[in-house]
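# here is my input; please provide its structure:
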Amino acid sequence: MAHFLEKSSIPQATATLTEWNMVSDRIITARLRSQQVKVTVIQIYAPTKESDEAAKAAFYDQLQDELTTVPRHDLLLVIGDFNAQLNGDCSGFEVTMGPHGSGTRTNDNSERLRSFYASNNLCIGNTFFQHKRIHKMTWRSPGGLYKNKIDYICISKRWCLSLLDVKSRRGADVGSDHNLLVAKSRLKLMRSTPKPQRPRPFNVTKLKETPIAQQFQLELRNCFKILAETGGEESVENDWTRLHLIVIESATTTIGRRRGTYRNIKDNERCTNQSKGRSPVANHRSTRKTMSRALR
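You can find the predicted model right below:
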């Protein structure tokens, strides 16, 4: 009932399938991985208008449970046979649907469809594009006497502008009384600038150990000796650059950098300084409180 992939791209699409779930005989979900964004597709088959209220309520409750599990940043598509006709009256639902519906009358399924997707920030893609009536119909009765538009492609409101067109293809041989429904989309993504990584500070506490401090001094002395032998008449900027690199390489070799992120290191240093700055009386009071709690 819905078609998104060319024949040549089916193997690549199969490789991008990360998970799928057969929820019920009316709902199946799949999640695809792309280079830009992950896509969650929910294929549904809604109860007909002749079904009882309990069956309709159970279906929409189950569909709501599935929508709540979809990650917020995913491109969400809800597609399939909704068994509902929508006319061009979009009053009060301008964000959810467009003015290009094809139904002549609405029923209970139509109202459920509009209200449900409005409450879940979904857009009914078929209704936003103007086509000839013959290109809107998605279902035909046996013999072709009656034709209706009951299949829809709904997309999350965040990605609604990426839809370029939704159109029915009558010529496709799909072995069904439903026509093939095709959606074209194009993603416009914001360029993300990578944040500069702040280098971790050196573990200068190791210099308190005499062997490591002597090794660091020896490393610097050897590097300075090589620099003096190979140095020529260069500018002050070049001399400073070489000196800077020598100190960094020597420190990396001997003492290394501290573990953890820069924020964790600063937090640890702040806690250490605060604990050292406490007065002996405060420490004594804290010890007495701890002992009294233990004796209770």
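# drop to CA atoms for contacts and neighbour counts, all remaining ones
OK.
# and residue 131, how far is that from residue 222?
80 Å (CA to CA, to the nearest Å).
# more neighbours: which of these two?
Residue environment comparison for residue 131 versus residue 222 gives the larger neighbour count to residue 131, 16 against 12, counting by other CA atoms under 10 Å.
# residues touching that one, list them.
Taking CA atoms under 8 Å, 6 or more residues apart in numbering as the criterion, residue 131 is in contact with residue 167.
# and it, what's its pLDDT?
Taken from the predicted model, the pLDDT recorded for residue 131 is 86.
# helix, strand or coil for it?
Using DSSP: H, G, I helix; E, B strand; the rest coil as the criterion, the local structure at residue 131 reads coil.
# give the next helix or strand downstream of the helix or strand hosting residue 224.
Remark: residue 224 resides in helix 210-230, with elements defined by DSSP states H and E. Past helix 210-230, heading to the C-terminal end, the next element that is a helix or strand (DSSP H and E) is helix 236-254.
# counting contacts, what elements does that following helix pack onto?
In this structure, helix 236-254 packs against helix 210-230, with contacts taken as 3 or more CA pairs under 8 Å, 6 or more residues apart in numbering; DSSP states H and E.
# ok, and what's touching the helix it packs on?
Where contact means CA under 8 Å, 6+ apart, the residues beyond helix 210-230 that reach it are 206-207, 246-247, 250-251, 254-255.
# gap between that helix and the chain center?
Taking the mean C-alpha point of helix 210-230 and that of its whole chain, the gap between them comes to 50 Å (CA atoms, centre = their mean, to the nearest Å).
# try stretch 132-149
Per CA atoms, centre = their mean, the displacement of stretch 132-149 from the mean C-alpha position of its chain is 37 Å.
# between the two ends of it, what distance do you get?
Start-to-end span of stretch 132-149 (CA to CA) is 12 Å.
# who's in contact with it?
Under the criterion CA under 8 Å, 6+ apart, residues 84-86, 102-103, 126, 150-151, 167-170, 177-181 lie in contact with stretch 132-149.
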